[in-house]
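everything below, folded, please.
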Amino acid sequence: MTAADLPGPLHGLRVLELCDEKGQFCGKLMADLGADVIKVEPLGGQSTRTVGPFLDDVPHRERSLAFWHYNTSKRGITLNPEHNGGQDLFRRLVPRADIVLESYAPGYLPGLGLGYEALSALNPGLIMCSLTPFGQTGPWRDFHTSDLLHLAAGGQMAGSGYDPDDVPDAPPIAPGGGNAWHMGGHYAYMAILAALYYRDMSGEGQYIDVSIHEACALTTESHVTTYNYTGQVVRRHTGRAASPDDSDKAQMATRDGRWITIIRPGFQLTPARLRRMAEDMDSHGMAEDLLHEKYQDTQVIQENLEHIGQVLSNFIAQLPQDEAWQWGQKLGVPWGSVRSLDEIVGDEHLQARGFFTDVEHPELGRSFTYRARS
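Okay, here's the model as predicted:
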């Protein structure tokens, strides 16, 4: 028996998921770890079934690759929560469930008699998690939402993009791919696991109110704490880790027109490490003054980070990407390559770890490659 044959850590738990794009990732996390997740869709199917790309570029509710990805390992039913019959069916499912995960607008399910108070009366150990854009309370609770809105309002975009020296009047930039939904889903997932632990000790269920907006605000690296403790606002920098200052680059171009990420030199350069780097660079005639004894003083290193970074950048620009980041790794620093998706899919390390798996779709008579881990 291999690890893949063993039941997951959430085996034995049943989840009723009533979620669109805002919460389906949280359900996937639980399903992929062994929980019996029953996706409860409205009649006609969840709206996320209309999100492309589609298998063979044929739009159809059964061919959405995005829907497939976010709903692996789940079972599914449909019901109309606004119809008495649908409400009765849902109430019959609740006593045998451990968790209800929902992403409807605040007040919607309670208005149908399916809120936490009503459902917990049927199952006192029930854990119910409502994952909504701005939470169940507050002046923004009924605002409309999008992934882009949350990345803007949560702080991510304020720290992403180009600095004015490189692109005048540069706008902030947001990543695609539902990052805000993922952040909210992760926090909902963690809260549910904490509630399960509490239930194991107390026997009591809980209601969890998760705000995607708050999850985004908590996922800005050190932006919030930087401002709280120093009063400095993290700026956008081209090719740099987000920071209040502009002292050292975090990404560098290589000879083959690609990039590596080196983690800002100010975080990793000790006198001994800089000496080893400089000796290697000197063998190529590119160390400039970095072998000078003054750089054995930590304070001098910090005062000259911009110069050191430029010398290092010039050296990296003479190396191909793989040689450049592996050189850093040999020196004991966490460097890596900036890779495109085709390179990630073909990654020999991920292949060796069994990160990808083939899943059979019997209704299509075909198998497709999925990520084996969420």
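
longest helix in the chain, please.
Longest helix of the chain, by residue count under DSSP state H: helix 179-202.

which positions within stretch 295-305 qualify as buried?
For stretch 295-305, a neighbour-count test (16 or more other Cβ atoms under 10 Å) marks 295, 301, 304-305 as buried. The way it works is simple: take the backbone N, C-alpha and C, and place the C-beta from them, glycine included.

which outside residues touch the longest helix of the chain?
Residues from elsewhere that reach helix 179-202 (Cβ atoms under 8 Å, 6 or more residues apart in numbering): 13, 21-26, 29-30, 98-99, 101, 125, 127, 129, 131, 147-151, 154, 156, 204-206, 208, 210-212, 214-216, 218-219.

equivalent analysis for stretch 36-47, please.
The contact list for stretch 36-47, computed with Cβ under 8 Å, 6+ apart, reads 13-20, 24, 27-28, 30-31, 61, 67, 71, 73-81, 90, 93.

quick check on those residues: which are buried?
Among the contacts of stretch 36-47, those scoring as buried are 13-19, 24, 27-28, 30-31, 67, 71, 73-74, 79, 81, 90, 93 (criterion: 16+ other Cβ under 10 Å).

report the buried residues of whichever helix or strand residue 68 is part of.
Using DSSP states H and E, residue 68 maps to helix 65-70. For helix 65-70, a neighbour-count test (16+ other Cβ under 10 Å) marks 66-68, 70 as buried.

so where's the stretch 1-150 of the chain shaky on pLDDT?
The model of the stretch 1-150 of the chain has pLDDT under 70 over residues 1-4.

so which residues of it form strands?
Counting by DSSP state E, counting those that start in this stretch, the stretch 1-150 of the chain has strands at residues 14-18, 36-41, 75-78, 99-102, 127-132.

ok, residues contacting the last one?
Okay, so that is strand 127-132. With Cβ under 8 Å, 6+ apart as the criterion, strand 127-132 contacts 19, 22-23, 26, 98-106, 109, 116, 119-120, 136, 141, 184-185, 188, 191-192, 195-196, 199, 205-212.

of these, buried ones?
The neighbour-count criterion (16+ other Cβ under 10 Å) marks 19, 22-23, 26, 98-104, 106, 109, 116, 119-120, 141, 184-185, 188, 191-192, 195-196, 199, 205-212 among the contacts of strand 127-132 as buried.

returning to what we had before: let me have the strands of the stretch 1-150 of the chain in TSV, adding distance to residue 50 as columns.
Shown next, in TSV, are the strands of the stretch 1-150 of the chain (distance: least, Cβ to Cβ, whole Å):
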stretch	distance to residue 50
strand 14-18	18
strand 36-41	12
strand 75-78	15
strand 99-102	20
strand 127-132	21
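
so which of those comes closest to residue 343?
With Cβ to Cβ, the closest approach to residue 343 among the strands of the stretch 1-150 of the chain belongs to strand 36-41: 31.9 Å.

please parse the protein into its domains.
For the chain, the structural domains run 14-219, 251-338, going by the TED database.

okay, residue 152 and residue 171: tell me how far apart.
Separation of residue 152 from residue 171 (Cβ to Cβ, to the nearest Å) stands at 11 Å.

oh, that last question was meant for residue 300, not what I typed.
Distance of residue 300 to residue 171, given as Cβ to Cβ: 38 Å.

check residue 234 too.
17 Å.

these two - which one has more neighbours?
Legend: neighbour count by other Cβ atoms under 10 Å for residue 234 and residue 171, higher for residue 234 (20 against 10).

phi, psi of the more buried one?
Taking degrees, to the nearest 10, you get phi -60, psi 130 for the backbone angles of residue 234.

do residue 63 as well
Reported as degrees, to the nearest 10, the phi and psi values for residue 63 are phi -130, psi 10.

burial count for the nearest residue to it once chain neighbours are set aside?
Nearest residue to residue 63, sequence neighbours excluded (Cβ to Cβ, 6 or more residues apart in numbering): residue 55, at 4.1 Å. Using other Cβ under 10 Å, the number of residues around residue 55 comes to 17.

would you state the strands of the stretch 151-300 of the chain in chain order?
According to DSSP E, counting those that start in this stretch, the stretch 151-300 of the chain carries its strands in the segments 206-211, 251-253, 259-261.

looking at these, which is nearest to residue 177?
Residue 177 lies closest to strand 259-261 among these, at 18.9 Å (Cβ to Cβ).

got any ranges where the stretch 251-374 of the chain has weak pLDDT?
Across the stretch 251-374 of the chain, the ranges flagged by pLDDT under 70 are 263-267, 373-374.

now the helices for it?
265-268, 271-282, 298-303, 305-316, 321-330, 341-345, 348-352 (DSSP state H, counting those that start in this stretch).

would you list the strands of the stretch 151-300 of the chain in TSV and tack on distance to residue 351?
Shown next, in TSV, are these (distance: least, Cβ to Cβ, whole Å):
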stretch	distance to residue 351
strand 206-211	35
strand 251-253	26
strand 259-261	22
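
that older thread, out of the strands of the stretch 1-150 of the chain, which comes closest to residue 368?
Evaluated over the strands of the stretch 1-150 of the chain, closeness to residue 368 peaks at strand 75-78, with 18.1 Å, by Cβ to Cβ.

quickly run through the sheet partners of the closest one, with directions.
As defined by DSSP bridges, the strand partners of strand 75-78 come to strand 36-41 (parallel).

and the strand it pairs with, how far out from the chain's middle?
How far strand 36-41 lies from its chain's middle: 22 Å, per Cα atoms, centre = their mean, to the nearest Å.
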